[in-house]
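>>> My questions are about this predicted structure, shown below with the sequence.
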Amino acid sequence: MKRVVIKVGGALLDQPSTITSLFAQIKQLQSQAQIVLVHGGGTLTEKLLTQLGLTSEKKNGLRVTPVEHMPIIAGTLAGTANKVLCAQAHTAGLAPVGLSLIDGNIISCTQLDADYGAVGVPQANQSSLFEVLMTNRFLPVVSSIGCDHAGQLLNVNADHAATAIAKLLNAQLIMLSDVAGVLGHDDVLIKQLDANHSQELQQKGVIGGGMQVKVDAAFQAANTLAQPVAIASWNDRLSDILAAHCGTQIISSSRLEHA
Ligand SMILES: Nc1ncnc2c1ncn2[C@@H]1O[C@H](COP(=O)(O)OP(=O)(O)O)[C@@H](O)[C@H]1O
Ligand SMILES: CC(=O)N[C@@H](CCC(=O)OP(=O)(O)O)C(=O)O
């Protein structure tokens, strides 16, 4: 059966009707595909850190994470964000199983760089837990909290986590966010984006912040999987995204060479 990894940004948590619609579509899609949902929670994390009087800086789109912030970040991502989504999936008649990257040794992580603190770089590791769950029609709902060899909790960007999971499962990857896809000059939606065009737009600052991280992660996945990755809006229909009728298709280098 075809496999699809769907990544949703954490701002989705503020859109209850969109969550309801998305889970209804996931339920339908489960008859044709094995699905894993990977989620972020950046906005929720930011809100709680601010409420606690802590400042949080982003560097190249990644949250610099002092080790002492990790209990709060693990709480929002693997706790609140994960459980709210699982509860909504349950209400939609799905059978969610909330996981982090640590569970079942799905993804191994190393620390990115001391300058970023407890930020992890994820790598595909072991798929057996996913196989068991998906074969039995459970919906894995995965947060981007990982750990290193020594057991230190790490904050992994959720786009990076989704890419590692798509590679692990050799799955089609769909990244859903609060925009129609990658926007070019004058905010016009780019339907197909190749590496050269992306580099040009990044240099001009047209693609920036969180979208830069997402696009780079999508290229990594597209190149490894040798198939396009979709970046689209969570208001688009999943069937339309899978048919490449909306959003941006991130095109792998190998596709270009063979085009
Ligand atoms: N060229 C671009 N096209 C679309 N969005 C962009 C672009 N450049 C920067 N962005 C910003 O990136 C955001 C999406 O990234 P991010 O907030 O990290 O998403 P998510 O939390 O869903 O992973 C958009 O809401 C937009 O503000
Ligand atoms: C290292 C890093 O950047 N971690 C992210 C993890 C959450 C995330 O990626 O959430 P979204 O998908 O909603 O942006 C963060 O702390 O915001």
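That came through, no problem. Ligands and ions are numbered 1, 2, ... in the order given.

>>> so residue 163 sits right up against residue 218, yeah?
Yes - counting by C-beta atoms under 8 Å, residue 218 is a contact partner of residue 163 at 7.4 Å. (Each C-beta comes from the backbone N, C-alpha and C, glycine too.)

>>> Between these two, which contacts overlap?
Residues touching both residue 163 and residue 218 by C-beta atoms under 8 Å, 6 or more residues apart in numbering: residue 173.

>>> how many other residues sit next to the residue of the stretch 1-150 of the chain found nearest ligand 1?
Residue nearest to ligand 1 within the stretch 1-150 of the chain: residue 9 (1.9 Å; C-beta to the nearest ligand atom). As a burial measure, residue 9 scores 21 neighbours (other C-beta atoms under 10 Å).

>>> and what of residue 111?
The number of residues near residue 111, taken as other C-beta under 10 Å, comes to 16.

>>> Surely it touches residue 147?
No - with contact defined as C-beta under 8 Å, residue 111 does not reach residue 147; the gap is 10.3 Å.

>>> what touches both of these two?
120, 154.

>>> The closest residue to residue 80 other than its chain neighbours: what's it in contact with?
Nearest residue to residue 80, sequence neighbours excluded (C-beta to C-beta, 6 or more residues apart in numbering): residue 44, at 6.3 Å. Residues in contact with residue 44 (C-beta under 8 Å, 6+ apart) are 10, 13, 76-77, 80-81.

>>> how about a cut-off of 7 Å?
Residues in contact with residue 44 (C-beta atoms under 7 Å, 6 or more residues apart in numbering) are 10, 13, 76, 80-81.

>>> can you tell if the strand or helix carrying it touches ligand 1?
Using DSSP states H and E, residue 44 sits within helix 42-51. Yes - under the criterion of C-beta under 6 Å from any ligand atom, ligand 1 is reached by helix 42-51 at residue 42.

>>> That helix: how far from the chain's middle?
Using C-alpha atoms, centre = their mean, to the nearest Å, the mean C-alpha position of helix 42-51 is found 18 Å from that of the whole chain.

>>> Check which residues of it are buried.
42-45, 48-49 (16 or more other C-beta atoms under 10 Å).

>>> ok, now stretch 63-71?
Taking 16+ other C-beta under 10 Å as the criterion, stretch 63-71 shows 63-65, 69-70 as buried.

>>> for stretch 121-128, same thing?
Applying 16+ other C-beta under 10 Å to stretch 121-128 flags 121-122, 124, 127 as buried.

>>> ok, back up a step: in CSV, list the contacts of residue 44 along with distance to residue 190, pLDDT and neighbour count.
Below are the contacts of residue 44 laid out as CSV (distance: C-beta to C-beta, whole Å; pLDDT from 0 to 100; neighbours: other C-beta atoms under 10 Å):
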residue, distance to residue 190, pLDDT, neighbour count
10, 24, 96, 24
13, 27, 97, 21
76, 32, 98, 23
80, 34, 98, 17
81, 29, 98, 27
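
>>> who touches the residue of the stretch 1-150 of the chain closest to ligand 1 in this structure?
40, 176-178.

>>> Filter the residues you listed down to the buried ones.
Buried subset of these (neighbour count, 16+ other C-beta under 10 Å): 40, 176-177.

>>> Residue 26: which of those residues is nearest?
residue 176 (11.2 Å; C-beta to C-beta).
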